[in-house]
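Chemist: only geometry, no sequence info:
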């Protein structure tokens, strides 16, 4: 009797989704399956179901489904009872039922050994010096890929060791550079960059150039980093964002204030930056000079 009593409400709900919401066949089947399993488990008339019953069913479903599936089931149940409250006059007992909070995967970052491997590249050609300057700048500042490739000459202030960046929403921020990054930028800009110019082509103001004498592209930057990582024997996918994560993690680990890191990264919300406090708990502690300047290992005279 209970099943027959509930069937009318379920059929009306599915018709509503089909006609009023124009849901696809697969979506309708998914809703029907979720509601049917729920009602079979409860074995109660819809009138008698409470929020506690829904909570108990979710606990029952947790060991049998992944997080996404459980949230889909919850969404189906919530939609069903919302429909009943609007069109059938029932109290919405599912109104306060919450979906599971998705666990955000922590961003990937590099170990100290991997950082040293990546940055310790052979310097023979103008492209090598360009690559070295890009890598050092990425790691020492946490710039986004788009911010790096869009840098122009007038954005770099070697004397004051800062770079002016235009981030998301064209918001300007000024980021300090490490001594080692400044050293290699100075070398690249004043000695090797001209070698990347192409004859009969008007020189660009872009800081980092490709083999056509134009501003390096995002794809070119990713390709360069990937090739260097493989050449250096690093068995991990490394992108500009991985270097950005590594920069932020190091800063937090070395005692930097989270608000300062937020400003350096150009984050709108400090909550976005807080993820690095979790990463930092797993990162080897050391000094800023050891991580970023590495001035005892490298100097202008060594190049």
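Modeler: Cool, the structure landed. Remember, predicted model here, so these are calculated numbers, not experimental data. Numbering: from 1, shown residues only.
Chemist: okay, residue 47: pLDDT?
Modeler: Residue 47 carries a pLDDT score of 91 in this model.
Chemist: isn't it right up against residue 90?
Modeler: Yes - assessed by Cβ atoms under 8 Å, residue 47 is found in contact with residue 90 at 7.4 Å. The C-beta positions use only the backbone N, C-alpha and C, and glycine is treated the same way.
Chemist: neighbour count winner among the two?
Modeler: residue 90 (16 against 11; other Cβ atoms under 10 Å).
Chemist: the more buried one: what secondary structure?
Modeler: Under DSSP: H, G, I helix; E, B strand; the rest coil, residue 90 falls in the coil class.
Chemist: what residues are up against it?
Modeler: By Cβ atoms under 8 Å, 6 or more residues apart in numbering, the residues touching residue 90 are 46-47, 81, 84.
Chemist: which SSE is residue 4 in?
Modeler: Assigned by DSSP states H and E, residue 4 falls within helix 2-19.
Chemist: also residue 251?
Modeler: Residue 251 is part of helix 240-253, with elements assigned from DSSP H and E.
Chemist: ok and the helix or strand following that helix relative to helix 240-253, angle-wise?
Modeler: Heading C-terminal from helix 240-253, the first helix or strand you meet, by DSSP H and E, is helix 258-265. Following axes from the mean of the first three to the mean of the last three Cα atoms, to 10 degrees, one obtains 150 degrees for the angle between helix 258-265 and helix 240-253.
Chemist: from the contact counts, what lies against helix 258-265?
Modeler: Here helix 258-265 touches strand 172-176, helix 240-253, helix 270-273, helix 275-280, going by 3 or more Cβ pairs under 8 Å, 6 or more residues apart in numbering; DSSP states H and E.
Chemist: lowest average confidence across these, which one?
Modeler: With a mean of 62, helix 275-280 has the lowest mean pLDDT of these.
Chemist: re earlier: and the helix holding residue 251, how far out from the chain middle?
Modeler: Distance of helix 240-253 from the chain centroid (Cα atoms, centre = their mean, to the nearest Å) equals 12 Å.
Chemist: same check, this time on stretch 17-35
Modeler: Distance of stretch 17-35 from its chain centroid, counting by Cα atoms, centre = their mean, is 33 Å.
Chemist: what are the buried residues along that stretch?
Modeler: By neighbour count on 16 or more other Cβ atoms under 10 Å, the buried set for stretch 17-35 is 17, 23, 30-32, 34-35.
Chemist: then stretch 216-228?
Modeler: Within stretch 216-228, the residues scored as buried using 16+ other Cβ under 10 Å are 216, 220-221, 224-225, 228.
Chemist: just stretch 55-63 next, same as before
Modeler: Of the residues in stretch 55-63, 57-58, 61 count as buried by neighbour count, 16+ other Cβ under 10 Å.
Chemist: tell me how far the ends of stretch 141-155 are from each other?
Modeler: Terminal residues of stretch 141-155 lie 14 Å apart, using Cα to Cα, to the nearest Å.
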